[in-house]
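[1] next come a sequence and a model predicted from it.
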Amino acid sequence: MSDVGDKKVYLVGAGPGDPELITLKARRVLETADCVIYDHLASSDLLDLAPAGAERIYAGKKKADHSLTQDQICALLVERGSRRINVVRLKGGDPYVFGRGGEEAEALADAGIPFEVVPGVTSALGIAAYTGVPLTHRDHTSAVTFVTGHDIAKIDWNRVGLSDTLVVFMGLSHMEEIASRIIAGGRPGTTPAMVVRWGTRPDQDVITGTLETLPGLVKAHGMRPPASIIVGDVVLLRQKLDWFGKLPMTGQTVVVTRPREQAAALSVPLRRLGANVVEIPTIEIRPAQDFGNLDRAIAELEAYDLAIFTSANGVRYFLERLDASSKDLRALRGKLCAIGPATQEALERFHLKVDVVAREYVAEGLLKALAGEDLVGKRVLIARAAVARDVLPTELRARGALVDVVEAYRTVPPENLATRTQAIAQGKNRWITFTSSSTVQNLVDAMGANEFRGCRVASIGPVTSATLRNHGIAVTVEAAEYTAAGLVDSILAYTVAAAKAQPV
């Protein structure tokens with residue numbers, strides 16, 4: 001956090017929808033926020049960038065549903081700003097492009113509240129990039145006009161309607177009248193035009209036509225605000241330049257059930273492939289209820305011949321407990337074993353060399369990797385979750401090892417899981433991913449197996465697949481490599497193959 005004297009109100013542009021389009025400065029400001037006042041169009045994912053204890057206030061405004069009036073929002077900014085805390089006013093697009101940021105800045109200036117404006121990618125630029133329709137092009141246009149469609153009587157449509165490229169913000173509700181006025185002003189009815197809803201998001205919806213046909217197409221499609229209109233010959237370039245609509249996972253929704261802090265390994269690559277990712281964590285990772293056994297193991301850490309880790313979470317909590325003890329990494333004298341690359345990477349981040357890594361990322365794979373080891377009389381430490389399969393310790397003991405299994409962490413269902421499962425709906429283009437048996441069991445307990453049998457199901461490996469099948473749930477794909485990257489690859493391969501099989 002900055003010093004008290006530096007505290008101010010930041011009017012921050014959140015961008016047009018894709019959370020990755022936020023600027024570096026906006027991200028830094030959010031990470032130091034004491035209070036975030038956000039609107040309807042700002043991506044909810046960006047709220048997670050603010051500190052956990054930051055106050056979050058919704059100030060969204062839709063056409064017929066204003067949580068606060070503009071005067072109330074200005075008053076709120078002044079009141080919070082007077083507390084000399086870092087206040088972030090998070091606004092969709094750019095604050096100064098039809099975002100009423102000028103009014104909010106004036107209110108702060110009149111009240112003597114320090115403020116700063118952080119520009120954002122305005123929706124028109126985001127739509128242009130994500131629909132393949134450049135707003136300027138040497139062969140088509142050298143002028144762009146931005147107008148708002150809220151109060152069409154205030155706009156001279158005879159003048160702005162003749163602009164080479166015309167962008168109408170928030171004009172969908174008056175689409176028919178806007179088109180009529182532009183045509184009446186001399187623009188041909190055959191002029192290419194399009195409407196875009198939720199631009200830059202995975203659920204981006206685009207309708208193309210002409211000034212004459214577009215109002216009818218919008219009505220037939222049932223499109224609702226928020227949406228923007230683009231008029232001009234550049235719309236014809238969409239068919240050639242639409243890179244976003246051609247991403248392989250476009251039109252697919254993928255539910256990620258991993259813990260929130262680990263979801264990015266799946267969510268980020270899936271979003272980059274065009275998927276609409278819905279994060280519904282079905283487990284939370286928490287510290288062990290009782291660290292007694294782990295502490296006793298750490299106290300005699302030098303005596304262990306092997307230390308086995310079956311997850312990155314086990315590494316994390318083991319090392320946190322080691323750090324809290326009187327010992328340090330020098331006490332780890334035995335061989336280090338990891339069940340897979342994610343666990344190996346977690347150890348290597350602490351500059352620890354891993355001696356044994358399973359080729360198959362399950363307990364059976366680690367047992368194969370240890371097949372050449374003489375384990376008779378060897379002391380083995382396994383730091384893992386409170387509830388886990390006993391295949392590994394049972395087999396190691398059968399080979400003569402002296403095995404201590406200690407609880408490093410535990411997994412529990414999130415408190416709000418039952419209500420969040422309402423976001424899971426069946427559909428041919430909807431996936432649910434499972435990365436452990438716990439993610440399966442907790443979701444089944446929350447909503448029942450029948451509720452998502454109509455979805456495509458992706459499993460990270462054979463153990464998780466077995467749990468799914470035990471509940472009567474068919475597995476659509478199973479990762480060839482039992483990692484998050486392997487799971488993404490399996491979903492992508494299935495989607496591409498299914499698309500090729502569709503009749504042209």
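    Now that the structure is in, tell me what you want to look at.
[2] touching stretch 252-265 from outside, list them.
    For stretch 252-265, contacts defined as CB atoms under 8 Å, 6 or more residues apart in numbering pick out 202, 266-267, 270, 274-285, 312, 411, 423-424, 427, 429-435, 439, 443, 455, 458, 484-485, 491, 495. Every residue, glycine included, has its C-beta placed from N, CA and C.
[3] sort out for me which of these are in helices.
    266-267, 270, 312, 439, 443, 484-485, 491, 495 (DSSP state H).
[4] still on that earlier bit, select only the buried ones of the contacts of stretch 252-265 in ChimeraX?
    The buried residues among the contacts of stretch 252-265 can be selected in ChimeraX (16 or more other CB atoms under 10 Å) with this line:
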select :202,266,267,270,274,275,276,277,278,279,280,281,282,283,284,285,312,411,424,429,430,431,432,433,434,435,439,443,455,458,484,491,495
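[5] following the lowest-mean-pLDDT helix or strand in the chain, which helix or strand comes up?
    One helix or strand of the chain scores below all others by mean pLDDT, DSSP states H and E: strand 65-66, with a mean of 58. Remark: after strand 65-66, the chain's next helix or strand is helix 70-81, criterion DSSP states H and E.
[6] buried ones in that following helix?
    So, applying 16+ other CB under 10 Å, buried residues of helix 70-81: 73-74, 76-78, 80-81.
[7] how does the chain divide into domains?
    7-121, 125-241, 253-283+415-501, 286-411 (automatic domain parsing).
[8] endpoints of the second one, how far apart?
    It stands for domain 125-241. Chord length of domain 125-241, first to last residue, is 15 Å (CA to CA, to the nearest Å).
[9] how far away is Thr69 from Pro114?
    Going from Thr69 to Pro114 by CB to CB, to the nearest Å gives 24 Å.
[10] more neighbours, these two?
    Counting neighbours by other CB atoms under 10 Å for Thr69 and for Pro114 shows that Pro114 has the greater number, 14 against 11.
[11] how about that one, what does it touch?
    Pro114 touches 7-9, 81, 108, counting by CB under 8 Å, 6+ apart.
[12] which of the residues you listed fall in strands?
    Using DSSP state E to define strands, the subset of these located there is Val9.
[13] may I ask which of the contacts of Pro114 has the most neighbours?
    Val9 (27 neighbours).
[14] now do the contacts for that residue.
    77, 80-81, 87-89, 108, 113-116.
[15] next: Thr250.
    202, 244, 274-275.
[16] max pairwise distance over the contacts of Val9: which two?
    Greatest spatial distance in those: Arg80 and Glu116, 14.7 Å, computed using CB to CB.
[17] would you agree Val117 falls within a strand?
    Yes - counting by DSSP: H, G, I helix; E, B strand; the rest coil, Val117 is found in a strand.
[18] please report how far it lies from Lys91.
    Here Val117 is placed at a distance of 10 Å from Lys91 (CB to CB).
[19] need the residues touching each of those two.
    With CB under 8 Å, 6+ apart as the test, Val117 and Lys91 both reach 11, 101.
[20] just want to know which of the two has more residues nearby.
    Using other CB under 10 Å as the criterion, Val117 and Lys91 rank with Lys91 on top: 27 against 18.
[21] what's opposite that one in the beta bridge?
    Beta-bridge pairing of Lys91 under DSSP bridges involves Gly13.
[22] ok, now which ones touch it?
    Applying CB under 8 Å, 6+ apart, the residues contacting Lys91 are 11-14, 38-39, 41-42, 99, 101, 120.
[23] now tabulate the residues you listed in CSV and tack on distance to Val218.
    What follows is these, written out as CSV (distance: CB to CB, whole Å):
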residue, distance to Val218
Leu11, 32
Val12, 32
Gly13, 27
Ala14, 26
Tyr38, 28
Asp39, 24
Leu41, 20
Ala42, 25
Gly99, 24
Gly101, 29
Gly120, 27
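[24] and those, which are buried?
    With burial judged by 16+ other CB under 10 Å, the buried subset of those is 11-14, 38-39, 41-42, 99, 101, 120.
[25] let me see the contact set for Leu492.
    248-249, 273.
[26] who wins for most neighbours among those?
    In the contacts of Leu492, the most neighbours by other CB under 10 Å go to Met249, 24 neighbours.
[27] can you tell me how far that residue sits from Ala479?
    Taking CB to CB, one finds Met249 at 16 Å from Ala479.
[28] same check, this time on Arg389
    Taking CB to CB, one finds Arg389 at 18 Å from Ala479.
[29] repeat that for Ala385.
    20 Å.
[30] next one: Glu345
    Taking CB to CB as the measure, Glu345 falls 17 Å from Ala479.
[31] between these two, who's got more neighbours?
    Ala479 (24 against 13).
[32] list the contacts of Asp233.
    Contacts of Asp233 by CB under 8 Å, 6+ apart are 140-141, 164, 191-192.
[33] do that again at 7 Å, thanks
    Taking CB atoms under 7 Å, 6 or more residues apart in numbering, we find Asp233 in contact with 140-141, 192.
[34] could you do Ala275 as well?
    Counting by CB under 7 Å, 6+ apart, Ala275 touches 202, 249, 252-254.
[35] could those residues be laid out in JSON lines, adding pLDDT?
    Output for the contacts of Ala275, formatted as JSON lines (pLDDT from 0 to 100):
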{"residue": "Pro202", "pLDDT": "88"}
{"residue": "Met249", "pLDDT": "93"}
{"residue": "Gln252", "pLDDT": "90"}
{"residue": "Thr253", "pLDDT": "90"}
{"residue": "Val254", "pLDDT": "93"}
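[36] so where do the strands sit in the stretch 51-200 of the chain?
    For the stretch 51-200 of the chain, applying DSSP state E, counting those that start in this stretch gives strands covering 55-58, 61-62, 65-66, 87-91, 115-118, 144-148, 165-169, 192-197.
[37] which of those sits most buried?
    strand 87-91 (a mean of 30; mean count of other CB atoms under 10 Å).
[38] quick one, it and helix 70-81 angle?
    Relative orientation of strand 87-91 versus helix 70-81 (axes from the mean of the first three to the mean of the last three CA atoms, to 10 degrees): 150 degrees.
[39] for strand 87-91, what does the pLDDT average out to?
    Averaging pLDDT along strand 87-91 gives 96.
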